[in-house]
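Novice: Give the three-dimensional model of this entry:
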Amino acid sequence: MAKISKRIAKGREGIDKIKFYPLDEAVQLVKERAVSKFDETIEVAVNLGVDPRHADQMVRGVVSLPHGSGRSSKVAVFAKGAKADEAREAGADIVGDEELAAEVAKGQINFDRCIATPDMMSVVGRLGKVLGPRGLMPNPKVGTVTMDVAQAIKDAKGGAIEFRVEKAGIVQAGVGKASFEDKAISDNVRALIDSVMKARPSGAKGTYLKKISLSSTMGPGIKISLGSVL
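Specialist: Numbering: from 1, shown residues only. The predicted model follows:
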């Protein structure tokens, strides 16, 4: 058995592995253990009763966290003409069309969020193999394929985060920083879970929301009682 480091052992002190904690208490415990020199990200892992290999069980969406994510997002917009000008005025970090697509195709991805106008999807669609695995492919279902690029940029920079279920049926997302107030983190967690619940796919059978856990970047995971979140 691998030896547990002193830091990990200390982080686990006072935590009952089998207990499901009320959300507010879990937030407090996670923050107490976020003692790194940097401002650790507070992360949520949600286990869902879905098999994302089936199209009718895919879970994805976008949620605007009421207190923001604590992370500054670099936004790229695929647009032409007036819409490109609108994107620049709205604060987009990178704006372009075919030229930008050529850079991305070469692996030059210097952004965290990607938005496109509908007329650019014939160009952006060719980048699926590059943007898709990174979760950056624009999609109308999450508001990143739109003519209202100004609002999309505002959302992306103001705390809107995308979520998508992974192969094992887990949704993971950052919901703030350790420096946030306890209530802000709790509010953000509830907003995320609410959006995940609303994104329940038609093919999901039986128990949809199975387990929720909270952790910091370097800290242990703490189980949360579902009743304290829903």
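Novice: rest of the way, CA atoms for contacts and neighbours
Specialist: Will do.
Novice: Shouldn't Asn188 be within a helix?
Specialist: Yes - under the criterion used here (DSSP: H, G, I helix; E, B strand; the rest coil), Asn188 sits inside a helix.
Novice: Tell me, what's the model's pLDDT at it?
Specialist: What the model reports for Asn188 is a pLDDT of 97.
Novice: do Leu23 as well
Specialist: Model confidence at Leu23, expressed as pLDDT, equals 98.
Novice: Number of residues surrounding Ser228?
Specialist: Taking other Cα atoms under 10 Å as the neighbour definition, Ser228 ends up with a count of 12.
Novice: let me redo that: Asp148
Specialist: For Asp148, the tally of surrounding residues (other Cα under 10 Å) stands at 15.
Novice: what does Glu86 give?
Specialist: A count of neighbours around Glu86, defined by other Cα under 10 Å, yields 17.
Novice: Break this structure down into its domains, please.
Specialist: According to automatic domain parsing, the chain is divided into the following domains: 16-68+161-228, 75-158.
Novice: Where does pLDDT dip in this protein?
Specialist: Counting by pLDDT under 70, the chain contains low-confidence ranges at 1-12.
Novice: can you tell me which residue is nearest the centre of it?
Specialist: Taking Cα atoms, centre = their mean, the centroid of the chain lies closest to Ala173, which sits 4.0 Å from it.
Novice: what sits opposite it in the beta ladder?
Specialist: In this structure, Ala173 has the following beta-bridge partners (DSSP bridges): Val44.
Novice: How about the contacts made by it?
Specialist: If you count contacts by Cα atoms under 8 Å, 6 or more residues apart in numbering, Ala173 has them with Glu43, Val44, Ala45, Phe163.
Novice: Name the nearest residue to the third one, sequence neighbours excluded.
Specialist: By the measure of Cα to Cα, 6 or more residues apart in numbering, the closest residue to Ala45 outside its immediate chain neighbours is Gln172, 4.5 Å from it.
Novice: What distance do you get for the residue nearest to the centre of the chain to Ser202?
Specialist: According to Cα to Cα, to the nearest Å, Ala173 stands 23 Å off from Ser202.
Novice: what about the helices in the protein?
Specialist: In order along the chain, the chain carries the following helices (DSSP state H): 6-12, 23-32, 81-89, 98-105, 121-124, 128-131, 149-157, 182-198.
Novice: Dump these to JSON lines, plus distance to His67.
Specialist: Listed next are the helices of the chain as JSON lines, based on distance: least, Cα to Cα, whole Å:
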{"stretch": "helix 6-12", "distance to His67": "26"}
{"stretch": "helix 23-32", "distance to His67": "15"}
{"stretch": "helix 81-89", "distance to His67": "24"}
{"stretch": "helix 98-105", "distance to His67": "31"}
{"stretch": "helix 121-124", "distance to His67": "31"}
{"stretch": "helix 128-131", "distance to His67": "28"}
{"stretch": "helix 149-157", "distance to His67": "12"}
{"stretch": "helix 182-198", "distance to His67": "6"}
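Novice: Quick check: which of those helices is nearest to Arg113?
Specialist: Taking Cα to Cα as the criterion, Arg113 comes closest to helix 149-157 out of the helices of the chain, the separation being 7.0 Å.
Novice: So which bits of the closest one are buried?
Specialist: Buried residues in helix 149-157, counting neighbours by 16 or more other Cα atoms under 10 Å, are found at Val149, Ala150, Ala152, Ile153, Asp155, Ala156, Lys157.
Novice: Also stretch 35-54?
Specialist: With burial defined by 16+ other Cα under 10 Å, the residues of stretch 35-54 counted as buried are 35, 39-52.
Novice: closest to Ile94 among those?
Specialist: Within the buried residues of stretch 35-54, distances to Ile94 taken as Cα to Cα reach their minimum at Thr41, with 25.4 Å.
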